[in-house]
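Participant: coordinates only, sequence not included:
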């Protein structure tokens, strides 16, 4: 919840959303003496398989919180908050937000997060230390000789495959889509798309080479290109893309699809669903 009067807090439900309860006190907050205060909650993510009571929360200003009691209490992950890069991260268009959390299901000490605008960071020791992992990601908003920094990229979304967590796709501000390479770099795979800008990105849980995205025309005009609503799919890891248009409006469709508004289920065949900022909901089954 985000109240203009009471600020941001987490509500909970134990009956699949029929009823909700609010905490008696703010359940996610920065420690006293911090130089920041909570502005917005961006993402809740489950912990590693087996840690059934562990949850993670990404917030604005960019920080990571952890709960080990199913959300009753939360603690700031100091390893990331105290990172020397933090004071140099700058807000993107939506704020300085930690919007993506990807625990590695095969290694409980490993996790990826994405920050706008900080880039992608990874821990391999349970959050004690974090390293930027942004090699190959272009930051076109910087001067030409500075467009491949170690950190500071405006990453919009990162997804990985549940059975092969090293198989990752990334969408960022311009050069919209990249795939992670074995040397920990990112390779642009946007050729064939109508735009190199966007937010919505998803991977098929049954196939690590299949991913979906919905392009946005540009930073300046954040609607679907040519006013046509198309979901683009790759089945070969980004070598090629095909538009999926059956049932989607192909004229006067000035729609915006933001991060986390495109999701795949684990049915066979995979079901794909997305919602638009105008309140429309579409599904592919």
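Facilitator: Yep, that arrived. Keep in mind the model is a prediction, meaning the values are calculated, not measured.
Participant: Do I have it right that residue 108 meets residue 54?
Facilitator: No: the criterion here is C-beta atoms under 8 Å, and residue 108 misses it with residue 54 at 9.1 Å. Backbone N, C-alpha and C define where each C-beta goes, glycine included.
Participant: Comparing the two, which shows the higher neighbour count?
Facilitator: Shown here are residue 108 and residue 54; by other C-beta atoms under 10 Å, residue 54 has more neighbours (18 against 15).
Participant: measure residue 174 to residue 188 for me?
Facilitator: With distances taken as C-beta to C-beta, to the nearest Å, residue 174 is found 10 Å from residue 188.
Participant: Touching both of the two, which residues are there?
Facilitator: residue 138 (C-beta atoms under 8 Å, 6 or more residues apart in numbering).
Participant: Could you chop this protein up by domain?
Facilitator: 1-100, 134-285 (automatic domain parsing).
Participant: chain center to the shortest one: distance?
Facilitator: The gap between the average C-alpha position of domain 1-100 and the chain average comes to 14 Å, counting by C-alpha atoms, centre = their mean, to the nearest Å.
Participant: again, but for the longest one
Facilitator: Domain 134-285 sits 11 Å away from the centroid of its parent chain (C-alpha atoms, centre = their mean).
Participant: From here on, call the first residue 323.
Facilitator: Taking 323 as the first residue, the last one we looked at is domain 456-607.
Participant: Just the endpoints, please. Distance across it?
Facilitator: This stretch, domain 456-607, spans 34 Å end to end (C-alpha to C-alpha, to the nearest Å).
Participant: helices and strands around the helix or strand where residue 491 lies, which ones?
Facilitator: Here residue 491, judged by DSSP states H and E, is contained in strand 490-494. Applying 3 or more C-beta pairs under 8 Å, 6 or more residues apart in numbering; DSSP states H and E, one finds that strand 490-494 contacts strand 477-482, strand 499-502, strand 519-526.
Participant: still on that earlier bit, identify the contacts common to residue 430 and residue 376.
Facilitator: 369-370.
Participant: Unless I misread the structure, residue 409 falls within a helix.
Facilitator: Yes: under DSSP: H, G, I helix; E, B strand; the rest coil, residue 409 falls within a helix.
Participant: Where does pLDDT dip in the stretch 373-522 of the chain?
Facilitator: Residues of the stretch 373-522 of the chain that meet the criterion pLDDT under 70 lie in 497-498.
Participant: which residues in it form helices?
Facilitator: For the stretch 373-522 of the chain, applying DSSP state H, counting those that start in this stretch gives helices covering 400-403.
Participant: Sketch out the strands for it, chain order is fine.
Facilitator: 377-382, 385-389, 397-398, 419-425, 433-438, 441-445, 453-454, 477-482, 490-494, 499-502, 508-510, 519-526 (DSSP state E, counting those that start in this stretch).
Participant: For stretch 530-549, buried residues please.
Facilitator: Residues of stretch 530-549 classed as buried: 530-539, 544-547 (neighbour count, 16 or more other C-beta atoms under 10 Å).
Participant: try stretch 401-412
Facilitator: Using 16+ other C-beta under 10 Å as the test for burial, stretch 401-412 gives 402-403, 405, 407-408, 411.
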